[in-house]
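# Just need the structure, nothing else, for what follows:
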Amino acid sequence: MYQRFLEDLKRINPYMKIIGLTATPYRLDSGLLHEGKDALFDDIAFEMPVRDLVEQGFLCPLISKLTDTQLDVTGVGSRGGEFIPGQLEAAVDLDPVTQAAVNEILAFGQDRRSWLLFCSGVSHASHVRDAVQGRGISCACIFGDTPKEERDQIITAFKRGEIRALSAMNVLTTGFNAPQVDLIAMLRPTKSTGLYVQIAGRGMRLAPGKSDCLVLDFAGNVARHGPIDMVRPKKAPDVGGEAPSKKCPICGTVNPAAERFCRNCGYHFPPSETELSLDATATTQEILTTGKPEWVPVDDISYHFHEKPGKPLSMRVEYQSGLLQYREWVCFEHDGFARKKAERWWARRASLGMPVPDTVEHAMDQTHALKVPSSIAVRNAGQWLEVVDAKFERGISRG
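Residues are numbered from 1 along each chain as shown. Sure thing, here's the model as predicted:
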C-alpha cells in the first residue's frame with residue numbers, strides 16, 4: 001500500500017524526498033525497512049536508543065515482575081511468521097490459566113491505576129474481562145470490530161479513570177495514547193517483534209504521578225524477543241545447500257551463522273531467538289535493560305581509516321583491553337549529529353588550541369598528540385558493544 005502511494009507521488013514530483021519516522025524500523029515479513037528488494041528507504045539516518053530516551057526523561061521506564069503463570073504454546077503452528085490465531089486462542093484460553101493469571105494481575109496491580117490486558121482472541125479477551133470483573137474491578141473489552149462510537153466511549157471512560165482495565169484483541173497497539181497506563185499484561189504470545197515492542201510501548205508515555213509501568217509477561221515474549229531496547233528483526237533462514245551465514249549490517253561482510261562478532265569490523269551480532277530461549281525463562285528476563293555501562297582498562301589504542309560504500313570516510317578507533325578489543329567510529333566528515341559527536345570526542349582528547357579536523361586524514365595525522373584514556377565505559381547497545389565514555393589519567397598516545 002505504501003509502495004503504491006509513494007509511486008503515485010513520485011509521478012507527480014520526481015524530485016520528492018522521503019523520510020520515515022518510527023519506533024520500529026522493521027516489519028515481521030520483510031525485516032528492516034531499508035534492506036532487501038523494494039525497500040522503502042535507503043538507510044537509517046539517525047537512531048535514538050530507547051534506553052537513552054528513558055534516561056533523558058522522554059519515556060517512562062518499564063519494569064517486570066516474576067509471574068508463576070505462563071501460557072503454553074506447545075503444538076501451536078505458525079503461518080507467515082506468526083502463531084496461527086485459532087490454534088493460539090485454543091491453547092491459551094483455558095479457564096484455570098485465565099483465573100490464575102488474573103489473580104496475579106490483581107496481586108501485582110493493586111497499587112496500579114490503569115491496566116491494559118492484551119489477549120489472544122475475542123473469546124479470550126471476553127473471558128479475561130469477566131474474570132477481572134468477577135473480582136470487583138471495572139473492566140471493558142475492545143475488539144477490532146467494536147463499533148467506533150462504542151469504542152470511543154469506552155476509551156474516554158478509561159482515560160478518565162472510570163474504567164480501570166481494558167481487555168483488548170487486535171487493537172490498542174498502534175496510535176493509542178493513554179499516558180496513565182501503568183500496568184500491561186501480555187496474555188498474547190507473538191512472534192512479531194514489532195507487535196511486541198508496540199504492546200510494551202503503550203506503557204512508556206509520561207503522566208503525572210507515574211514513575212514506571214509494570215509489565216507482566218505471561219506470554220513468554222521477553223524470552224522470545226529480548227528486552228525491547230535490544231530487539232532486532234529476525235529473518236527466516238535461507239533454504240538450500242549453502243552453509244548458514246549472516247551479513248554484517250556495518251561493513252557487509254558475510255560471516256558464518258555461528259559467529260558472535262563480525263570477522264572484519266568486530267560488530268557484535270545480537271543473540272538469535274534460539275540463544276535467547278536458552279538464556280533464561282520468560283519470567284526471569286528484564287523487559288528493559290539497565291543500560292549501565294561497564295568500565296574496562298585500556299592497554300593500547302590504535303587508529304584506522306574506515307571506508308563504507310556510499311558513506312563518508314570515518315576514523316575507527318580500536319581499544320585493547322587484555323584479550324578483548326572494543327571499537328568506535330569517529331565521523332569527522334559526516335554532518336549533523338555524527339559531526340557534533342566527533343567534535344565532542346576530539347575536544348576531550350586534543351591539547352588546548354588543536355582545532356577539530358575537517359577530514360579523517362587530518363585527524364589521523366594528529367593522533368600521536370591525542371590523550372589516551374586509561375579506561376573506557378562500554379555498553380551493550382543491541383547491535384554492538386558501544387563505547388559511551390572515557391577516563392583520562394595518563395599522558396598522550398604513543399602514535
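
# can we go C-alpha only for contacts and neighbour counts from here?
OK.

# quick one: pLDDT of residue 363?
Per-residue confidence (pLDDT) for residue 363: 96.

# That one: how many residues sit nearby?
20 (other CA atoms under 10 Å).

# and the nearest residue to it once chain neighbours are set aside, what helix or strand is that in?
Take residue 363 and drop its neighbours on the chain: the residue closest to it by CA to CA, 6 or more residues apart in numbering is residue 357, 5.5 Å away. Under DSSP states H and E, no helix or strand contains residue 357.

# How about residue 35?
Going by DSSP H and E, residue 35 is not part of any helix or strand.

# residues contacting it?
Each residue near residue 35 by CA atoms under 8 Å, 6 or more residues apart in numbering is listed here: 41, 42, 43.

# mind redoing it with 10 Å?
26, 41, 42, 43, 249 (CA atoms under 10 Å, 6 or more residues apart in numbering).

# Among these, which one lies nearest to residue 74?
For these, the minimum distance to residue 74 (CA to CA) is 27.0 Å, reached by residue 26.

# which residues does that closest one bridge with?
For residue 26, the beta-bridge partners are residue 32 (DSSP bridges).

# Was I right to think it contacts residue 194?
Yes. Here residue 26 lies in contact with residue 194, judged by CA atoms under 10 Å, at a distance of 7.1 Å.

# In terms of packing, which of these two has more residues around it?
residue 194 (21 against 18).

# Distance-wise, check the nearest residue to that one once chain neighbours are set aside relative to residue 371.
Nearest residue to residue 194, sequence neighbours excluded (CA to CA, 6+ apart): residue 24, at 6.1 Å. The span separating residue 24 from residue 371 equals 39 Å under the rule CA to CA, to the nearest Å.

# What of residue 186?
Residue 186 is 50 Å from residue 371, by CA to CA.

# how many neighbours does residue 96 have?
9.

# ok, residue 187 - contacts?
Going by CA under 10 Å, 6+ apart, residue 187 touches 70-71, 92-93, 98, 101, 117-121, 124-125, 128, 167-169, 216-221.

# now do 7 Å
Residues near residue 187 by CA atoms under 7 Å, 6 or more residues apart in numbering: 117, 118, 119, 120, 218, 219.

# Confidence-wise, which helix or strand of the chain is lowest on average?
The helix or strand of the chain with the poorest confidence is helix 273-279; it has a mean of 33 (mean pLDDT, DSSP states H and E).

# wait, which of the contacts of residue 187 is closest to residue 85?
Nearest to residue 85 among the contacts of residue 187 is residue 120, at 7.5 Å by CA to CA.

# With adjacent residues omitted, what lies nearest to the closest one?
Closest residue to residue 120 apart from its sequence neighbours, by CA to CA, 6+ apart: residue 188 at 4.7 Å.

# The one you found reaches residue 116, doesn't it?
No. Taking CA atoms under 7 Å as the definition, residue 188 is not a contact partner of residue 116, at 12.0 Å.

# Residue 103: helix or strand, and which one exactly?
Applying DSSP H and E, one finds residue 103 within helix 95-109.

# just checking, next helix/strand downstream of that helix?
According to DSSP H and E, the helix or strand after helix 95-109 is strand 115-118.
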